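Chemist: just need the structure, nothing else, for what follows:
(chains A and B, ligands or ions: 2)
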Amino acid sequence: MSVHTDHKGVQFGMWLFLYTEIMLFGGLFVIYATYYYQYTNDFIAAGKELELVMGTVNTAVLLTSSLTAAIAIEAMRKDARKLVIGLLGVTILLALTFLCIKYVEWGHKFAHEIFPGSEKLASGPHGVTMFYGLYFTMTGLHALHVIIGILVLGVCLAFTARGKIHGGRMDILENSGLYWHLVDIIWIFLFPLFYLIL
Amino acid sequence: MSAETSFFNTPSPARYKGLGAWLLTTDHKRIGLMYLVVILFWFAIGVTAGLFMRTQLMSPGSTLMEAQTYNAFFTVHGVIMIFLFIIPGIPAIFGNFLLPIQIGAEDVFFPRLNLLSWYLYVAGGIIAIISLFVSGAPDTGWTFYVPFSITTKTGVSITVFAVFVLGMSSMLTGINFITTVHRLRHRDMGWMQIPLFTWSVYGTAWVQLLATPVIAVTLLVVIFERLFGVGLFDPAKGGDPILFQHLFWMYSHPAVYIMILPGMGIISEVFPVFSRKSVFGYKSIVAATMAIAVVGSFVWAHHMFVSGMSDTAVLVFSFLTFAVAVPSAVKVFNWVSTMYRGSIHVGPPFLFAMVFIFLFTVGGLTGLVQGAAGPNVHIHDTHWVVGHFHFVMFGGTGFAFFAGLHFWWPKFFGRMYNFRRAYAGAVLMAAGFIMHYLPMFILGLKGMPRRYYTYLPEFGPLNFIAGIGAYIMVAGIVLTFVNLLLSFRKAEPAGPDPWGGTTLEWTVPSPPPVQNFAVEPVVLPFPYDFTAKEKMKPGSGT
Ligand code: HEM
Ligand SMILES: [Cu+2]
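Modeler: Numbers count the residues shown, from 1 in each chain, chains lettered A, B, ... in the order given. Ligands and ions are numbered 1, 2, ... in the order given. This is a model prediction of the structure:
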């Protein structure tokens, strides 16, 4: 059957799916734009409170993981399976690092009584509530995607170890790589919006 | 087993028997029929809920249920009819079964993803049921408008999650169909040789893909609001409920085209076959399909004329709404012109298609009244609107669904049904329909609001008539299904091409073999070329 050998078709389907993921975040970007327009000053004030260093480190971590994922795919083309397993392992570790740093960041905010529905936010200026509402929603949804990415890459790692994915049959790995790049790209948008431009 | 043994008799995957061979199948035809069973189940529930509401409304006061129960009923009815029946109905059943065959393919591009979509659909339905019992039946209406939906204590979070899961299912089906049309089309089939039904499902798939993520994220935010009190849509915390409405309708208006385009596709198949004449203006139908898909995505805010938009915005959206009417009208003219000087053979699918044209036109024209900003203010949230969307959704898509069911039933099961009972069902349904929904326009103009369990006594007579109409209509629906089911008892073989169709699905046996084509299909230069078929006689029922 032609179904399983049409490499281009598989990628085409994946791109369509990635588009839906972008639109998923797109809705939140629309909300961000609206409230930024409405509460510009509050947004700027609240944005200064975020921890720029942790955000920057996390950006570096995620970009590096995207790189290791890309190299893993190249390595698979040469059928260097051991190398692929190692690189995927590193990617997953970096992803976990990202989540840990995010956890610490959120923890600091929680310690300052800043979390969705908290008294402090409810009594503060509306714009700040909106800012943190978006911050937690968007980074939370992104973190959820990181977790899904870890699972997907984990499956790829296991399949590679068991020989189910190899140089001749690597659509799953390639698509997982695309997914991981998407997670990375979305962060590239979140980072400036929350940490840099404000 | 020979290559021509039907897909009912050759289980796929081959190692399983009985129910397992269905629940684990990746055969698009089996999946299509699995959708048929579940979707009809939900349709039955939805109709029953509608009948309860209608019975309650037959006289003022609380005759059958209290206000809160009524709220639950219209919410459940709306959610089921929209997300579990109308949106998935035609693409999931007919699209799955027919799209690959019409383009000469063995299966959809991602067969396992297709099965996953079915499971997501079933899961969404189960979650919707669960939401009824966990913390009280939801009472927001299928639109889930904030701030009510984030403050009510009923099980809205779970209902919203169910809709999210159903959206995933619909999106994955869309991705599958688009990829299938691009990658698995028979190599002899160019874009302008694709049958119109496949075209319409293809256009729909794009709308599904473009619009669904927007509602997905909106619903996610509603869930977050309810669970954590984020405040993004909560005016008390600085959020903006109008923003919710924009995001909601950015999906839900295009969803109207997800509902109607596949129905139009069915009608575009039925008319040429029963007029024995090539469809009039094939290319303009294709263009109109895509135009509806595109322009239809820019008119969402006509649902919000009274929500406090700027006058400029109202003007722009009102104008764009009128613009979408143009391609729809083009199609209606095409269908009517197809019949002109055709050699018309009446059959049940044709009758349903005729009813479709009439009811859909009424629905479309009344939609224009709503699209104009002035009258909209008067009829907003009245029974006029309820009348309008039932004319479009049930009178349009619903009757197209029945037309398709009668058109392809012989293909699905290899059996013919009784024609006389089918006609009787169609007539009862149409007559009941008009009696049910026409009074709603008058009621709406007179000011009877929607979503109320009772009303002023002066609205009594019309509501009573509408109630009688509803019962007649439901009698027609029941008769139609009984008739179709009876076809299983008396085996009357249908033959591969009972109507004299020209598209590829009529060249294979009924029901088709697992691989769809036992011999390499021959693609006609033009999909509706009846001259080659002229000698063939139409099928005659009992
Ligand atoms: C394809 C079929 C149908 C579709 C898609 C459909 C859809 C809907 C939708 C979306 C609503 C609005 C609910 C809301 O305002 O939240 C509604 C309301 C209603 N439907 Fe249906 N419906 C269908 C068939 C029926 C049938 C068969 C009946 C009766 C036998 C029925 C009776 C009603 C009534 C009485 C209401 C009014 C609720 C109210 O505003 O108080 N519908 N329907
Ligand atoms: Cu609309």
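Chemist: is stretch B:512-530 up against chain A anywhere?
Modeler: No. Using C-beta under 8 Å from any C-beta of the partner chain as the criterion, no contacts between stretch B:512-530 and chain A are found, and the smallest distance is 9.2 Å. All C-beta atoms are positioned from the backbone trio N, CA, C, and that covers glycine.
Chemist: buried sites along that stretch?
Modeler: Applying a neighbour-count criterion of 16 or more other C-beta atoms under 10 Å in any protein chain shown, the buried positions in stretch B:512-530 are B:512, B:513, B:514, B:515, B:516, B:517, B:521, B:523, B:524, B:527, B:528, B:530.
Chemist: residue contacts, residue B:83?
Modeler: Neighbour list for residue B:83: B:124, B:142, B:162, B:163, B:166, B:167 [criterion: C-beta atoms under 8 Å, 6 or more residues apart in numbering or on different chains].
Chemist: try 6 Å this time
Modeler: B:163, B:166 (C-beta atoms under 6 Å, 6 or more residues apart in numbering or on different chains).
Chemist: list phi and psi for residue B:449.
Modeler: For residue B:449, the backbone dihedrals are phi -70, psi 160 (criterion: degrees, to the nearest 10).
Chemist: ok, it - contacts?
Modeler: Neighbours of residue B:449 in contact, by C-beta under 6 Å, 6+ apart: B:381, B:382.
Chemist: quick one: secondary structure of the residue of the stretch 251-400 of chain B found nearest chain A?
Modeler: The stretch 251-400 of chain B approaches chain A most closely through residue B:251 (9.3 Å), counting by C-beta to the nearest C-beta. Secondary structure assignment for residue B:251 (DSSP: H, G, I helix; E, B strand; the rest coil): helix.
Chemist: name the nearest residue to it, sequence neighbours excluded.
Modeler: The spatially closest residue to residue B:251, leaving aside those adjacent along the chain, is residue B:215, at 3.5 Å (C-beta to C-beta, 6 or more residues apart in numbering or on different chains).
Chemist: list the buried ones in whichever strand or helix holds the one you found?
Modeler: Assigned by DSSP states H and E, residue B:215 belongs to helix B:196-228. In terms of neighbour count (16+ other C-beta under 10 Å), helix B:196-228 has its buried residues at B:196-226, B:228.
Chemist: show me how far it is from its chain's centre.
Modeler: 15 Å (C-alpha atoms, centre = their mean, to the nearest Å).
Chemist: let me see the mean pLDDT of that helix.
Modeler: Helix B:196-228 shows a mean pLDDT of 93 in the predicted model.
Chemist: chain neighbours aside, what residue packs nearest to whatever residue of chain B ends up closest to chain A?
Modeler: Across chain B, the shortest distance to chain A (C-beta to the nearest C-beta) belongs to residue B:238, at 2.6 Å. If you skip the residues right next to it in sequence, residue B:238 has residue A:126 as its closest partner in space, 2.6 Å away by C-beta to C-beta, 6+ apart.
Chemist: okay, now that neighbour: neighbour count?
Modeler: 19 (other C-beta atoms under 10 Å in any protein chain shown).
Chemist: now do the one 3 residues further on
Modeler: Here the number of neighbours of residue A:129 (other C-beta under 10 Å) works out to 30.
Chemist: again with the one 10 residues further on
Modeler: The number of residues packed near residue A:139 is 21, by other C-beta under 10 Å.
Chemist: avg pLDDT for the helix or strand that it is a member of?
Modeler: Using DSSP H and E, the secondary-structure element containing residue A:139 is helix A:126-161. Helix A:126-161 shows a mean pLDDT of 95 in the predicted model.
Chemist: ok so, going back, show me which pair in the buried residues of stretch B:512-530 is furthest apart.
Modeler: When these are compared pair by pair using C-beta to C-beta, the farthest-apart members prove to be B:514 and B:530, with a separation of 29.7 Å.
Chemist: how about the one residue in the stretch 401-542 of chain B that gets nearest to ligand 1, nearest residue that isn't a chain neighbour?
Modeler: Distance from ligand 1 to each residue of the stretch 401-542 of chain B (C-beta to the nearest ligand atom) is smallest for residue B:450, at 3.6 Å. Among residues not flanking residue B:450 along the chain, residue B:386 sits closest, at 5.1 Å (C-beta to C-beta, 6+ apart).
Chemist: next: residue B:189.
Modeler: The spatial neighbour of residue B:189 that comes closest, neighbours along the chain excluded (C-beta to C-beta, 6+ apart), is residue B:523 at 4.8 Å.
Chemist: low-confidence stretches in the chain?
Modeler: As the question left the chain open, I've gone with chain A. Confidence mapping of chain A against pLDDT under 70 gives the ranges A:1-5.
Chemist: my bad, chain B
Modeler: Confidence mapping of chain B against pLDDT under 70 gives the ranges B:1-3, B:532-542.
Chemist: what does it have sitting close to ligand 1?
Modeler: Neighbours of ligand 1 within chain B, by C-beta under 6 Å from any ligand atom: B:47, B:50-51, B:53-54, B:57, B:74, B:77-78, B:81-82, B:86, B:141-142, B:386, B:390, B:393-394, B:398, B:450-451, B:470, B:474.
Chemist: in helices, which of the residues you listed appear?
Modeler: B:47, B:50-51, B:53-54, B:57, B:74, B:77-78, B:386, B:390, B:470, B:474 (DSSP state H).
Chemist: quick one on the thing from earlier: are we agreed that the residue nearest to residue B:189 is in a helix?
Modeler: No. The assignment for residue B:523 by three-state DSSP gives coil, which leaves it out of any helix.
Chemist: how much space separates it from residue A:8?
Modeler: As judged by C-beta to C-beta, to the nearest Å, residue B:523 and residue A:8 stand 22 Å apart.
Chemist: ok, residue B:379 next?
Modeler: According to C-beta to C-beta, residue B:379 stands 51 Å off from residue A:8.
Chemist: again with residue B:396
Modeler: Remark: distance between residue B:396 and residue A:8 (C-beta to C-beta) = 37 Å.
Chemist: do residue A:108 as well
Modeler: Residue A:108 is 47 Å from residue A:8, where distance means C-beta to C-beta.
Chemist: more neighbours: the two, which one.
Modeler: residue A:108 (14 against 10).
Chemist: now residue A:49. Its backbone dihedrals?
Modeler: Backbone geometry at residue A:49, expressed as degrees, to the nearest 10, gives phi -80, psi -20.
Chemist: returning to what we had before: isn't the residue of the stretch 251-400 of chain B closest to chain A up against residue B:213?
Modeler: No. The pair residue B:251 and residue B:213 fails to qualify as a contact (C-beta atoms under 6 Å) at a distance of 8.4 Å.
Chemist: got the residues of chain A near chain B?
Modeler: Within chain A, the positions lying close to chain B (C-beta under 6 Å from any C-beta of the partner chain) are A:6, A:9, A:12-13, A:16-17, A:20, A:23-24, A:27-28, A:34, A:116-117, A:126, A:129-130, A:133, A:137.
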